[in-house]
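J.: Here is a sequence together with a model predicted from it:
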Amino acid sequence: MMIIYPAIDLRGGQVVRLQGGDPNAQTTFSTDPLATAQKWRDAGATWLHMVNLDGAFGDTNSNLDVLSQVAQTELSIQFGGGIRSLHDVETALKLGAKRVVIGTLAVQQPDVIRDAIAQFGADAICVGIDGRDQFVMTHGWKEKSPYTIFEFGHMMRERGAIHALFTDVSRDGYLGGVNFDDTIALATQTGLRVIASGGVNSLNNLRELAKVGVIGGAIIGMALYKGIFSLQEALEVIQNVG
């Protein structure tokens, strides 16, 4: 069954959402990440997707104290943002993350995925594939890599990756709907268990993703925080399809 991941994006220790990854287009939804995590847990979440935006933007706040606190809720945490070494992966896992997202580092050093999987196991590693116009973006979505999302997906699968997080950065935070074509094509062409991210704006988005049968999950941010639908409704949709 497809997993629903409520998103907790952290900046300066607060829960925020950005539009298109723009640090100047920020909305703050909570000053208490732990309370937000507990809210999603109580609503039925089993996983959270937590992003350290400070790390992604190269700022000094690592938000690792928040990771440690939220890990106490017994939610499974997928953690990313600013992961620049295997040591960073190890630190996040020791602090309670169940899976760590590696993005820019994997583009710069593709073999690091093979090394990470050898050290921590395939289930503990998720490749972050951030795309704009089908090209992989790096460094907080600011720089364009030479790889298409499909080329990079194949590279990662060849190195043993199972999980991948695909974000259409042009849609993230805008509630414009999921990029179904690229998300589904990435999953079917590479065999990766792709988690869809960016633009989820309706229960029908989730229903259509779940119907395909090859999508590993969906990350929901703005739609939940703006109350377009509830987490309970999202979970019910997935259960009915499954």
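T.: Everything's here; your move. Quick caveat: nothing in here was measured; it's all calculated off a predicted structure.

J.: all helices of the protein, in order?
T.: Listed in chain order, the helices of the chain (DSSP state H) span 33-42, 53-56, 64-71, 86-94, 104-108, 111-120, 149-158, 180-190, 203-212, 222-225, 231-241.

J.: what's the least confident stretch among these?
T.: Ranked by mean pLDDT, the helices of the chain bottom out at helix 53-56, with a mean of 84.

J.: Check which helices and strands that one sits against.
T.: In terms of contact count using 3 or more C-beta pairs under 8 Å, 6 or more residues apart in numbering; DSSP states H and E, helix 53-56 is assigned the packing partners strand 3-11. Where C-beta positions appear, they are placed from N, C-alpha and C, glycine not excepted.

J.: closest to I129 out of the helices of the chain?
T.: Closest to I129 of those, according to C-beta to C-beta: helix 149-158, at 5.4 Å.

J.: quick one: that closest one to helix 111-120, angle?
T.: Helix 149-158 runs at 40 degrees relative to helix 111-120, counting by axes from the mean of the first three to the mean of the last three C-alpha atoms, to 10 degrees.

J.: Please name every helix or strand in contact with helix 149-158.
T.: The contact analysis (3+ C-beta pairs under 8 Å, 6+ apart) places helix 149-158 against strand 125-132, strand 135-138, strand 163-168, helix 180-190.

J.: Give the buried residues for that helix.
T.: By neighbour count on 16 or more other C-beta atoms under 10 Å, the buried set for helix 149-158 is I149, F150, F152, G153, H154, M155, M156, R157.

J.: beta partners for G128?
T.: As for beta bridges, G128 partners with L165 under DSSP bridges.

J.: The residue nearest to R84 when sequence neighbours are not counted: what's it in contact with?
T.: Spatial nearest neighbour of R84, chain neighbours left out: L105 (5.6 Å); criterion: C-beta to C-beta, 6 or more residues apart in numbering. Residues counted as contacts of L105 (C-beta atoms under 8 Å, 6 or more residues apart in numbering) are I83, R84, S85, V112.

J.: Considering those residues, which possesses the most neighbours?
T.: I83 (25 neighbours; other C-beta atoms under 10 Å).

J.: wait, doesn't it sit right on A106?
T.: No: using C-beta atoms under 8 Å, I83 is not in contact with A106; the gap is 9.1 Å.

J.: Great, nothing more from me.
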